[in-house]
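# from the sequence below, what's the structure:
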Amino acid sequence: MDASALIVEDDRDLAELMAIYLGDEGIEGRIAGTAEEGLGLLGSGAFDLVLLDLSLPCMDGFEFLRRLRSSSDLPVMIVSSREADEDMILALGLGADEFVSKPFSPRVLAARAKAHLRRARGNTPAAAPNVLRLGNLRVDLESMLVEREGLRLPMPAKELDLLVFLLRHRGEVLESEAIYREVWNNPYGDMATVAVHVQRLRRRIEPDPASPRYIKTVYGVGYRLDAPGDGPGEIAGEGGRDTE
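Numbering: from 1, shown residues only. Sure thing, here's the model as predicted:
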């Protein structure tokens with residue numbers, strides 16, 4: 001893919017790491033350390049995508065996004081440590097296309113950037129994207145977006161990774177260690193991290209988080225994702241490859 005991305009990020013080391021992984025996907029990354037510098041680069045060069053931090057010196061990412069959207073419909077991926085629901089909702093409301101929470105996997109970030117560019121250029125493969133469903137939730141594995149009854153549901157990247165992993169292993173009892181190893185891509189870590197993210201995910205998707213319908217705790221072991229009530233059809237895959 002021959003494309004160019006503007007990385008608006010004041011952490012130079014992180015920005016350079018993002019540029020390296022984007023380069024592996026054929027996307028040239030140019031770095032701006034401030035929103036003001038980023039707007040200047042947009043005015044002087046052609047870009048296909050913007051990766052935007054929210055916590056920037058002087059002008060913040062929200063104001064950058066407001067100014068950008070007044071004249072451009074470039075795809076914008078927010079990459080930020082500010083993962084409060086209010087921040088995600090405001091960013092998406094201002095026209096961001098996706099919200100990725102820090103810390104993140106650079107390889108996954110680059111893959112998502114590539115998917116945005118494919119859609120923006122209108123050359124997404126003709127086959128229907130692979131989709132997983134859970135109750136009234138729809139998870140598009142091509143765009144890595146979650147919808148509830150047709151409305152986008154803001155969800156931090158790691159919670160989304162956890163949801164997809166559980167969906168792919170629905171009905172299986174999964175040890176916390178195995179979840180951490182696969183979702184966090186690390187054989188070592190604090191298993192409390194898994195419990196915290198499960199609780200956060202429940203608050204987003206469960207009708208009653210205190211009495212989970214979907215994500216069940218298997219005490220002393222880990223978790224299992226169920227879909228009670230509607231049988232196998234409640235969690236399903238659409239199009240693309242087999243979701244089992």
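
# mind listing the helices for the chain?
In the chain, the segments counted as helices under DSSP state H are 12-24, 35-44, 61-69, 85-93, 106-120, 157-168, 176-183, 192-205.

# could you dump the ones you listed into a markdown table with mean neighbour count and distance to residue 221 added?
The C-beta positions use only the backbone N, C-alpha and C, and glycine is treated the same way. As requested, the helices of the chain are arranged in a markdown table below (neighbours: other C-beta atoms under 10 Å; distance: least, C-beta to C-beta, whole Å):
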| stretch | mean neighbour count | distance to residue 221 |
| --- | --- | --- |
| helix 12-24 | 16 | 35 |
| helix 35-44 | 17 | 47 |
| helix 61-69 | 19 | 41 |
| helix 85-93 | 16 | 30 |
| helix 106-120 | 19 | 27 |
| helix 157-168 | 20 | 14 |
| helix 176-183 | 18 | 8 |
| helix 192-205 | 17 | 12 |
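
# among those helices, which comes closest to residue 75?
helix 106-120 (4.4 Å; C-beta to C-beta).

# which residues are contacting that closest one?
Outside helix 106-120, the residues that touch it by C-beta atoms under 8 Å, 6 or more residues apart in numbering are 1, 3, 5, 17-18, 20-22, 24-27, 48-49, 51, 75, 77, 79, 97-98, 100, 124, 142-144, 157, 161.

# quick one: residue 90 and residue 60 touch, right?
No: using C-beta atoms under 8 Å, residue 90 makes no contact with residue 60, being 10.9 Å away.

# thinking again about what came up before, which among the contacts of helix 106-120 end up buried?
3, 5, 17-18, 21-22, 25, 27, 48-49, 51, 75, 77, 79, 97-98, 100, 142-144, 157, 161 (16 or more other C-beta atoms under 10 Å).

# looking at those residues, which are in strands?
3, 5, 27, 49, 51, 77, 79, 98, 100 (DSSP state E).
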